[in-house]
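>>> Whatever this is, show me its structure:
(4 chains)
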Protein chains: 2
Amino acid sequence: MLPEFKIAQLRHFVWVAELKGFHAAAEKAHRTQPAISLSIRDLENKLGEALFEKRNAKTAKTELTPFGQHFLPKAKELIEHHDRISKDMTLLAEHKTGHLRLASVPSIASQVLPELLLEFVNDTPELHISFFDDNSDAVYRMVENQQVDFGIAHLFHEQEHSDKSFIPIWEDQIGVVCPKDHPLAAHKELHWKELRKHRLISNGTSRLLEDSEASPLLGHSQFYISNMISLIAMLEAGFGVTTLPRYAVPKDSETLCFIPLSTPTVVRRIGIVKLTNKSLTPPAQALVDFILARNNSAE
Amino acid sequence: MLPEFKIAQLRHFVWVAELKGFHAAAEKAHRTQPAISLSIRDLENKLGEALFEKRNAKTAKTELTPFGQHFLPKAKELIEHHDRISKDMTLLAEHKTGHLRLASVPSIASQVLPELLLEFVNDTPELHISFFDDNSDAVYRMVENQQVDFGIAHLFHEQEHSDKSFIPIWEDQIGVVCPKDHPLAAHKELHWKELRKHRLISNGTSRLLEDSEASPLLGHSQFYISNMISLIAMLEAGFGVTTLPRYAVPKDSETLCFIPLSTPTVVRRIGIVKLTNKSLTPPAQALVDFILARNNSAE
DNA sequence: TCTCGCGATAAGGTTTTCTTATTTAGAAAC
DNA sequence: GTTTCTAAATAAGAAAACCTTATCGCGAGA
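Residues are numbered from 1 along each chain as shown, chains lettered A, B, ... in the order given. Below is the predicted model of the structure:
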């Protein structure tokens, strides 16, 4: 029962009023003059009042009635409001703006994401990114609680996360880390049995070998260091060697080197974790797409 | 190139979101369910993003995407803005609200308008009325300067106001005013010659007689009082008699009476003055219509 | 497994909103 | 005073948008 205005119609009205003519307004609207006439008439009928002075009379210029003068600023405000929302939502949909929350395991966080994010935000200056790094469990938890839009973590076969989906992206191969002047450093690749002669330090990622034929090594290990910084320091001090996924090793270390294990070849799959039945926000979806595209083209 | 939303479409979206279902929304919109589906899909296409979680999947309840959650409050605000304007303008068009500015000559102002306005504003509690009373010249001037929406004044034959139009409403007959105990008070009507025997006080309205056969009376008059209050006081004191238009005489005077002049019968036409090429605001037009209707039915 | 509820999809009709063509009226020019 | 010109109104038909009925697909609960 209240009349419902169309934005286009209001635009026509504003243009006729401001350009003082139907022809000029028609041109601006990319319509013909009769279309504007009808549009205005429809508006007048809806309102039950004339917006422009009777234009068949002697008066030459199209001029607003007092009623029309009242309506003009209101119409303009509504149009502006509409356009603001339209623009905001379009920007958001084009992931040019908004807020993106992301959690990742430290290895990817430190070795892959910095460069990747730098490239991604290059053309989206208004995008805010919140970034958390923590271990896989914590990442899963943050995804579950919707503290982040998506996470980057390992795939756990054991724990069934039926409500989450996993998109594998990176394959992180397990290898041996030792000082560059260590006897093992000369090898291009290693068989697990070759490690038995050396002092092996196990760490949090060692359990990745549990299911492999290298599992006897774990019993062989006398030391366990969970903290990555300490572990690296021990290695650099020449205390021994360890096994680590490649991404967990500082990329451009001066003192340490990484030798892949050829037998067994153990890979840790790292990928994107998100809630299955929840869409991503446009910026988040854009980043996921970006990561996928980059990794497909890279391989 | 920016998408343009339709208010109806936004309503559909809000209803689907809030009622958590297309059927419920369809009912509220007095549409069928497919209409709502298409409406939402169109909106999603315009935005380039899904608003609701994929509804063909396992999920039962229709739920918003994060993007949709962002859009919902904005859509609601825009709808509210639209409805506010729609309502305001409708009220204004129905002259239920707004501002009406009016000027009138004192006679009508004091004897006709009070009762008339009281009746008029009866069903328009939100209408503000600014009211000025002044002589005819001033009323014309205020109309001309658009200080008032319209005026109530005399018709001047002499001065051509080509830009103003005059709608005659009242006919104000000239008569004689005298104390109730005056010899003339017994008459039902008077011939101008009968006044010659009495002391005549002329006043601002006396020039209405100038063009009539009673013009000799004006030379006969020894006193001229421009101020109405003083004039009435003089009459009440029994100083003499005067001629006045009927509406200029206090209606229910205890002491004075009004006897029409039969020869000559001079009427002063009072009516509505407005700018020719300017429409009235809806409340002003409504009042004019009201006055016209009242006066036609009264006669 | 069946059925129900909810939403998507398809096809066709109605309404709305344009366009082209023409008319009208005032203003300016002759 | 007639002609001419310009701007808007009007008419009629085409195009687009929108809604309806009918039907399908799919997951959930009986």
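
>>> First residue to last residue on stretch A:250-259, what's the distance there?
With CA to CA, to the nearest Å as the measure, stretch A:250-259 spans 13 Å from end to end.

>>> correct me, but A:H12 touches A:R41?
No: judged on CB atoms under 8 Å, A:H12 makes no contact with A:R41 at a distance of 10.6 Å. Glycine gets a C-beta too; all of them are placed from N, C-alpha and C.

>>> Looking only at neighbour counts, state which of those two leads.
A direct count of neighbours by other CB atoms under 10 Å in any protein chain shown for A:H12 and A:R41 places A:H12 higher, at 26 against 12.

>>> what separates the more buried one from A:K20, distance-wise?
14 Å (CB to CB, to the nearest Å).

>>> ok, how many other residues are close to the residue in the stretch 101-250 of chain A positioned nearest to chain B?
Using CB to the nearest CB, A:D149 is the residue of the stretch 101-250 of chain A that sits closest to chain B, at 7.7 Å. Using other CB under 10 Å, A:D149 has 24 other residues around it.

>>> next one: the one 5 residues further on
Residues lying near A:H154 (other CB under 10 Å) number 25.

>>> Identify the residues contacting it.
Each residue near A:H154 by CB atoms under 8 Å, 6 or more residues apart in numbering or on different chains is listed here: A:V105, A:S136, A:R268, A:R269, A:I270.

>>> three-state assignment of the residue lying closest to the third one once chain neighbours are set aside?
The one in question is A:R268. Leaving aside its sequence neighbours, A:R268 sits nearest to A:D172 (CB to CB, 6 or more residues apart in numbering or on different chains; 4.3 Å). Of the three states, A:D172 takes strand under DSSP: H, G, I helix; E, B strand; the rest coil.

>>> A:D172 touches A:R246, doesn't it?
Yes: at 5.7 Å, A:D172 counts as touching A:R246 under the criterion of CB under 8 Å.

>>> Just want to know which of the two has more residues nearby.
Neighbours were counted for A:D172 and for A:R246 using other CB under 10 Å; A:D172 has more, 22 against 19.

>>> So if we follow the domain assignment, how does chain A break up?
Under the assignment automatic domain parsing, the domains of chain A span A:7-93, A:97-170+A:270-298, A:171-268.

>>> now those domains as TSV including distance to B:K278 and mean pLDDT?
Formatted as TSV, those follow (distance: least, CB to CB, whole Å; pLDDT from 0 to 100):
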stretch	distance to B:K278	mean pLDDT
domain A:7-93	7	86
domain A:97-170+A:270-298	47	84
domain A:171-268	78	86
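
>>> Turn those into a markdown table, columns for distance to DNA strand C.
Converted to a markdown table, the domains of chain A look like this (distance: least, CB to the nearest atom of the strand, whole Å):
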| stretch | distance to DNA strand C |
| --- | --- |
| domain A:7-93 | 3 |
| domain A:97-170+A:270-298 | 13 |
| domain A:171-268 | 36 |
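
>>> Which one of those domains lies nearest to B:L261?
Taking CB to CB, domain A:7-93 is the member of those nearest to B:L261, at 41.0 Å.

>>> So the closest one, near DNA strand D or not?
Yes: Domain A:7-93 is in contact with DNA strand D by CB under 7 Å from any atom of the strand, via A:20-23, A:33-34, A:37-38, A:40-41, A:52, A:55-56, A:62.

>>> if you look at that domain, does any of it touch chain B?
Yes: using CB under 8 Å from any CB of the partner chain, domain A:7-93 reaches chain B at A:7-8, A:47-50, A:53-54, A:57-59, A:65-67, A:70-71, A:74-75, A:77-78, A:81-83, A:85-90, A:92-93.

>>> cool, and stretch A:270-283?
Yes: applying CB under 8 Å from any CB, one finds stretch A:270-283 touching chain B at A:N277, A:K278, A:S279, A:L280, A:T281, A:P282.

>>> all helices for chain A, in order.
With helices called from DSSP state H, chain A shows them at A:7-19, A:22-29, A:33-47, A:66-93, A:106-111, A:113-120, A:136-144, A:216-220, A:228-236, A:282-298.

>>> And the second one, how far out from the chain middle?
Going back to what we said before, that points to helix A:22-29. Its chain's C-alpha centre and that of helix A:22-29 lie 43 Å apart, by CA atoms, centre = their mean, to the nearest Å.

>>> Tell me which residues are up against that helix.
Contacts for helix A:22-29 (CB under 8 Å, 6+ apart): A:8, A:11-12, A:15-16, A:19, A:32-33, A:35-37, A:40, A:62.

>>> at 6 Å what do you get?
A:H12, A:W15, A:V16, A:L19, A:T32, A:Q33, A:I36 (CB atoms under 6 Å, 6 or more residues apart in numbering or on different chains).

>>> Kindly report the same for the last one.
Applying CB under 6 Å, 6+ apart, the set of residues contacting helix A:282-298 from outside is A:92-93, A:95, A:98, A:100, A:120, A:127, A:149-150, A:169, A:272, B:49, B:67.

>>> Out of these, which two sit at the greatest distance?
The widest separation within the contacts of helix A:282-298 (CB to CB) is 25.2 Å, between A:L92 and A:I169.

>>> Distance of the residue nearest to A:R268 relative to A:D252?
17 Å.

>>> hmm, back to that, among the residues of domain A:7-93 next to DNA strand D, the buried ones, what's the ChimeraX command?
The buried subset of these, as determined by 16 or more other CB atoms under 10 Å in any protein chain shown, is captured in ChimeraX by this line:
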select /A:21,22,37,40,52,62
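
>>> Report how many residues lie close to A:R31.
For A:R31, the neighbour count with other CB under 10 Å is 15.

>>> Name all residues that make contact with it.
By CB under 6 Å, 6+ apart, A:R31 has no neighbours at all.

>>> out of everything not next to it in sequence, what's closest to the residue of the stretch 101-250 of chain A closest to chain B?
A:A284 (3.7 Å).

>>> Give me the neighbour count for the one you found.
Applying other CB under 10 Å, we find 23 residues neighbouring A:A284.

>>> Model confidence at A:E299, what's the number?
pLDDT for A:E299: 53.

>>> related to what we said a few turns ago, quick check: which of the domains of chain A is nearest to B:H187?
Minimum separation from B:H187 across these (CB to CB) falls at domain A:7-93, 49.1 Å.

>>> got the end-to-end distance for the closest one?
By CA to CA, the extent of domain A:7-93 from end to end equals 21 Å.

>>> Might you quantify the distance of that domain from its chain's geometric centre?
Relative to its parent chain, domain A:7-93 has a centroid offset of 41 Å by CA atoms, centre = their mean.

>>> do stretch A:196-206 as well
Relative to its chain's centre, stretch A:196-206 lies at 36 Å (CA atoms, centre = their mean).

>>> got a list of contacts for it?
Here stretch A:196-206 makes contact (CB under 6 Å, 6+ apart) with A:S221, A:F223, A:Y224, A:I225, A:S226, A:L231, A:G240, A:V241, A:T242, A:L244, A:P245.

>>> and the residue lying closest to A:T265 once chain neighbours are set aside, what does it touch?
What sits nearest to A:T265 in space, not counting adjacent residues and going by CB to CB, 6+ apart, is A:Q173, at 6.9 Å. Residues near A:Q173 by CB under 6 Å, 6+ apart: A:R246, A:P260, A:V267.

>>> same check, this time on A:G21
A:T62.

>>> at 10 Å what do you get?
The contact partners of A:G21, by CB atoms under 10 Å, 6 or more residues apart in numbering or on different chains, come to A:W15, A:E27, A:Q33, A:I36, A:K61, A:T62.
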